[in-house]
Structures are given as C-alpha cells and as structure tokens.
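Peer 1: my questions concern the predicted model and sequence given below.
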Amino acid sequence: MKLKNILIAASIGVSSLLNTGCTHNFEEMNQDPWKSTDLNVKHILPFTQTKAYSNGHEGWRTSIIMTGPMSGISSTYIGTGSGFGENGEYTGAFFENLYRDMIRNIEDSKQRLKEDGSDEAMAEYGRFTVVNVINQLRATQLYGDIPYSTAGKGYTEGIYYPAYDRQEDVFEMMVEDLKEAKEYISKVERLADYDAYRVGLPYKEVYIKIIHSLYIKIGMMMSEANPTRGAEIFHLGYDTNDYIDSWNVAPVIHHTNEGGAWGSTVNGYGIANNSLVGGFSGNYFSPELLEYMQKNEDPRIFRLACHLDYSSSSTEAYTDVSVYKDFDPFAVAQTNEPGVFNKVHFRGLRLGSTSDGTRSLYKVEGQANQHIDFWANRTQQIADEGQFMTLAAISPEVFNAVAPTIILGADEVMFYIAEASTIPSYGVSDPNALSNAVELALSKYDAVGFKGGTLEDAFVDIYKKQTNPAYSHLDNKLKYVQGVMDRYNAAPDLEAKRELVITEHWASLTGDCVNAFSLVTRTGMPSFVNRNLTSTQMDFPLPVYDKDPLTNDDAVVTGTETVLLHTGGSTGGIRPYRFPYPGSELNANGTNAEEAIKRQRQETGTSEAIHFIAVPQWCSKR
C-alpha cells in the first residue's frame, strides 16, 4: 500500500476533532466511531504538531495563570497560580488537550504507517514519534508521571484505561523511541514537506538535529535525579555535533489568525495575551524577572516590556511613547523590598494570593492603600502620574495571535550545553556555549519573526532623547553578553557559575512559561525564586507616607503598614512542583491515576499531609 493512500480514521480527522466536545473518559477517547470519514496522514501531522500551541483557552490557563507565576517569570491578577492554589479547569486544560486528541491521533497514525511497512512509511512513523516525544515531554514537565506508553491506544491495542509510567521511565522510553525514529528517518533520502515546523533545511536533516537536541534536553532533565545516566543521554546528542545551534535550523510554528481567536491556527499563548479568549488576561512581568533585567541593563526590555492599552476589546501595547517623562526602563521599583516605593516607569506585579497585597504600592496617612493600574489611563492618565504606577506587561506587540512558537530553541540547546559545562559528571567543557546561548537569546525575536521591533525602536529613541543621549542599542547588546561572561568568569565556584547559566536561561524563556516552570522545578534556580515563601512574602510591609509620593517629591516615609500578601495557598507557602491530575481523569481512570500519586509520594518521601502539587517530581531538586 502506498503511503499517500494511507487514510486515518476520522476519530483523528481534523474536521471532526475541531468540532467534538470534551470527553472525560479514556475508553470513549479511544473508540473509533467515525471511521467512514477518513483524512490523509499529511493533514494529521501538522494538526498534532500545532494543537498544543494553538489553543487560547489552554494557553491562558496553563501559561499565564499557572506556570508563569509559579516559575517566577510572569504574574497576573488571577491568584490561582501565584497563590499556589489549584483549579481543575486551569491545570487540566493541557492534559485534556493532549490526551483527548493529539496522542490518539499520533498512535493511530503510527499504527497505519507501521502496517504499510515501507521505508517511506516508517520514516513518517519516525517523524510522528519525534512529535509524540515533544508533546509528551511537555506533559511530564507539568505532571510528573504520565501515561506515556499506553495513552491513545484504545482503538489500536484495546487499552482504554492507561497506566502511568514513572517519569524516569518516561525519559528512558523517549530515548529509545528517538533512537528508533532516527534509524527509520535515516533510511530515506528525504521527508515530505507537509510539516508545520518551519525550518531552513530539508526536513530529514532537521529531524535528525531535533532528535540529537532532545537527547541533550532529556539528559539535562535528569541532572538532579540521576546525573550519571543523564550525562550518557546528553552525550548521545552532544557528541554528534549535529544539534540545533542556530535559528535557521530551529523548529518554529508560524501562526495565522485564520478562523479568529478560537481558530486552530492562532498562537494560543499570544491570543490569550491579547485578552481575546475569555476576558482580560493581565499578563505582567514578575518583579523577579523584570528587576534582574533592569539591574543588568538587559536590552530586551525595550522589546518585551510595555504598558497596556485596553481601550478596545483586546489588550495591545501602549505605543504613544511621547507621553513619557524622563523615560528610563532600567530604573528599578524594588517591588519586593519592604517599606520601599520608587517612582519608576516599569514595575512588576508582586506574587501573592490577595488582591490588596499584590496591587498595593504604598499608603498615605489616613487614606486607603494606593493600588497599581493594570492598563494605561485606567484610573490615572498615563501622560501624568499614571506612567509611574501602571504595570509592565509582557508585550502584546511581541506575543500575540500570530507570534511564532519556538518548539526547541537554539538558545535553549546552547544553555543546556553551558549548564552541562558546570557539572563535572557531565564531562563537558564548552567555553563558548554560554556566550553563544546569550547571543542567540538576544537575537531570536528578529531571527524567528516576532513583531515588536517598531515599538522597541520608539522606546530606544525616547530613552536617548529624554534620559541617556549616549545610549547605543547595538553596543548595549554586546555589553550585555560581555557582562554575563564577566560575571561567569568571576563566579567563585561551579555552583555559582551554574546558577548564572540557569538564570540567563530562565530569563530567555519570557513567554515560554512551561519550560521556565520546568527549569525552576528541576534546578531550584534562580535562587531568588525561592521554593518556600518568606515572612515578608506572606505579610508585606508597605511604606506609609505623610503625603502622596506620586505628586510630591518631598513626601516622607513615616512608617510601614503590613498588608496580607499571601495565605500560603494549598501548599502552605511551598512553591508548587507540578500540576495535579485533572478531576475528570481521577474519575474516569482513577485506579491508575491514584496509583501514580501514591507512588510519587512514596518515592519522594512526602507525607499525605503535603498537597500533591507540593510533591517534587522525580527530576526535581529537593
């Protein structure tokens, strides 16, 4: 049977999938009730590649509400993630998106291709395998143990209630699957072009690079739990010298706005950042990330940060830079410093579970707490004092409905190599990895096709005009890279060097909240994104002034007043290590899910008194 004639059952057909409602039962998911309306495999591949990144409902919940705040990279006014709480609708969105549609599609497609058995078909089998690893790697980063080997096989193998694999075993099975995929792909001269990943090389060469890069990533994900084995896997990719090391070979999805906000081609995180999938999303910088960037005069601030314009139905970047006075994006608010208020242009939203605690800036004697503004001209005009109290958002000019999605970044791979160079057991000494990683991180927005360059230039121009005439944006990029290397070389030991590498890696993941969350969960770094909340992160001392410091430069601090900032949430103040399994899964596949929960508690020595989201993953630093 010719590959081009292989038809996939409509249970995995794009048109059927986009119109079917949610189901919460694995047996129902894996049946094949629509077999009469088949679609060709070439339509299934891009669908399974893009669906994880093209759902605004899931992007808002997984990234903006939950993993952004839990990773310390961003913050939002919805307190579930930042409050270390749980909400099944938020934490279950990715699980159901993945296992309801994508995985069964992949498994059914692989079965058909395997039945064909030709070299051409088996190379496509290998390509589906790589996509499966990419998708399920994202799942284990969030949930820990997952049904990697058994999900999606109801129709093909009669497995309606899949058992959960240990995360360690998931990594090992992924490695074996990637080896098999490489073997199959290597046998053909080329792979067909019906692929959603846009790259600058023929797909055969690109998928080999992706496989090697995934070895590097999986190897580093084992750095805390089993570094010896992690190093072996890492070297499967690194020793080939054939991995993703430049942007022209990095797999990227280019989104479109066809079908509107709820269409299947938009950037899910981006459309949520535009507040077009259920209301105002409020996606802001965390103080931790923003102030790290400001203190090091990170040139990316001009591209990534802005105030919001919510004067229409969507949130956009506020672009009239002429309203600013003495504009300085590098001035630091010290948002988390007790008893301090600084009058600056860009400030992050404090982590917390209470509205008053996260939003309060200061207090004037005899008055209510002064709150931040979420968007320009909300309570005070941006042209006046509003510019000093409006939050710095993750720019919708950059992350929007048509922003690209980087599946596996060149900077990400190089950061892993740089990190491995700080761990003796990995046997790597790559002196250029860190500088290459930082250079790639700085260049990716133009290289990959993100927008926002026009506003970036406008911010640079107004900064030069109003504040620093000698500023050179190009020179500052070079200076930033050199500054990172100077700090790296001056670090007193390998652990300090490693933290710098991880912190730069973390900062490069703005807009990629799942990988940021995974990095923090695995390494416990950056150390200033602390695992356990401090007393001032629970009860925050606001400065109290004799008069309003926004309008009076001679205002004097007369004391402090404590505001409840964080209740500790479901974890008692422990930063979560994971998402819980969805309630729908616990109901439909409860025996297997509960067994996985029990096993992960036992393997980490965590008592029943600790909420499951505070139970470390196998790969986590404890």
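Peer 2: Nice, thanks for sending it over.
Peer 1: rest of the way, CA atoms for contacts and neighbours
Peer 2: Fine.
Peer 1: in the stretch 51-200 of the chain, which spans are helices?
Peer 2: Along the stretch 51-200 of the chain, counting by DSSP state H, counting those that start in this stretch, helices occupy 56-59, 68-71, 79-82, 88-91, 93-97, 103-116, 119-143, 154-157, 167-186.
Peer 1: make sure residue 218 is indeed in a strand.
Peer 2: No: according to DSSP: H, G, I helix; E, B strand; the rest coil, residue 218 belongs to no strand; its state is helix.
Peer 1: count of neighbours near it?
Peer 2: Residue 218 has 21 neighbouring residues, counting by other C-alpha atoms under 10 Å.
Peer 1: circling back to that earlier point, Throw the helices of the stretch 51-200 of the chain into CSV and include mean neighbour count and mean pLDDT, thanks.
Peer 2: Formatted as CSV, those follow (neighbours: other C-alpha atoms under 10 Å; pLDDT from 0 to 100):
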stretch, mean neighbour count, mean pLDDT
helix 56-59, 25, 94
helix 68-71, 30, 98
helix 79-82, 26, 96
helix 88-91, 19, 93
helix 93-97, 20, 93
helix 103-116, 22, 92
helix 119-143, 23, 97
helix 154-157, 18, 76
helix 167-186, 19, 98
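Peer 1: out of those, flag the one nearest residue 275.
Peer 2: Minimum separation from residue 275 across those (C-alpha to C-alpha) falls at helix 56-59, 9.3 Å.
Peer 1: for that closest one, which helices and strands make contact with it?
Peer 2: Counting contacts by 3 or more C-alpha pairs under 8 Å, 6 or more residues apart in numbering; DSSP states H and E, helix 56-59 packs against helix 93-97, helix 268-273.
Peer 1: report pLDDT for the nearest residue to residue 536 once chain neighbours are set aside.
Peer 2: Leaving aside its chain neighbours, residue 536 sits nearest to residue 338 (7.2 Å; criterion: C-alpha to C-alpha, 6 or more residues apart in numbering). In this model, residue 338 is scored at 97, pLDDT.
Peer 1: wait, residue 265 sits on residue 253?
Peer 2: No: Residue 265 sits out of contact with residue 253 when judged by C-alpha atoms under 8 Å, with a separation of 9.6 Å.
Peer 1: mutual contacts of those two, please.
Peer 2: Common neighbours of residue 265 and residue 253 are listed as residue 50 (criterion: C-alpha atoms under 8 Å, 6 or more residues apart in numbering).
Peer 1: ranges for the strands of this structure?
Peer 2: All strands of the chain, identified by DSSP state E, fall at 7-8, 39-40, 74-75, 252-253, 284-285, 305-306, 308-309, 316-317, 360-364, 369-371, 393-394, 405-406, 539-545, 557-564.
Peer 1: lowest-confidence stretch among those strands?
Peer 2: strand 7-8 (a mean of 26).
Peer 1: middle-most residue in the chain, spatially?
Peer 2: By C-alpha atoms, centre = their mean, the mean C-alpha position of the chain lies nearest to residue 513, the distance being 2.1 Å.
Peer 1: that one: what's it in contact with?
Peer 2: Counting by C-alpha under 8 Å, 6+ apart, residue 513 has contacts 63-64, 67-68, 71, 73.
Peer 1: what ranges does the stretch 201-350 of the chain have for its helices?
Peer 2: Going by DSSP H, counting those that start in this stretch, the stretch 201-350 of the chain shows helices at 203-221, 227-238, 268-273, 287-295, 301-304.
Peer 1: so which of these gets nearest residue 524?
Peer 2: helix 203-221 (12.5 Å).
Peer 1: which of the helices of the stretch 201-350 of the chain sits most buried?
Peer 2: Comparing the helices of the stretch 201-350 of the chain by mean neighbour count (mean count of other C-alpha atoms under 10 Å), helix 268-273 ranks first with a mean of 31.
Peer 1: give me the mean pLDDT for that helix.
Peer 2: On average, helix 268-273 scores 97.
Peer 1: and the pLDDT for the closest residue in space to residue 220 that isn't next to it in sequence?
Peer 2: Using C-alpha to C-alpha, 6+ apart and skipping the chain neighbours, the partner closest in space to residue 220 is residue 230 (6.0 Å). What the model reports for residue 230 is a pLDDT of 98.
Peer 1: then residue 294?
Peer 2: We have a pLDDT of 98 for residue 294.
Peer 1: measure the residue lying closest to it once chain neighbours are set aside to residue 344 for me?
Peer 2: Spatial nearest neighbour of residue 294, excluding adjacent residues (C-alpha to C-alpha, 6+ apart): residue 330 at 4.5 Å. Look at residue 330 and residue 344: by C-alpha to C-alpha, to the nearest Å, they are 9 Å apart.
Peer 1: check residue 100 too.
Peer 2: 46 Å.
Peer 1: neighbour count winner among those two?
Peer 2: Taking neighbours as other C-alpha under 10 Å, residue 100 and residue 344 compare with residue 100 leading, 23 against 19.
Peer 1: and the strands of the chain as JSON lines, adding mean neighbour count?
Peer 2: Shown next, in JSON lines, are the strands of the chain (neighbours: other C-alpha atoms under 10 Å):
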{"stretch": "strand 7-8", "mean neighbour count": "22"}
{"stretch": "strand 39-40", "mean neighbour count": "19"}
{"stretch": "strand 74-75", "mean neighbour count": "32"}
{"stretch": "strand 252-253", "mean neighbour count": "22"}
{"stretch": "strand 284-285", "mean neighbour count": "30"}
{"stretch": "strand 305-306", "mean neighbour count": "28"}
{"stretch": "strand 308-309", "mean neighbour count": "24"}
{"stretch": "strand 316-317", "mean neighbour count": "22"}
{"stretch": "strand 360-364", "mean neighbour count": "22"}
{"stretch": "strand 369-371", "mean neighbour count": "18"}
{"stretch": "strand 393-394", "mean neighbour count": "27"}
{"stretch": "strand 405-406", "mean neighbour count": "22"}
{"stretch": "strand 539-545", "mean neighbour count": "22"}
{"stretch": "strand 557-564", "mean neighbour count": "16"}
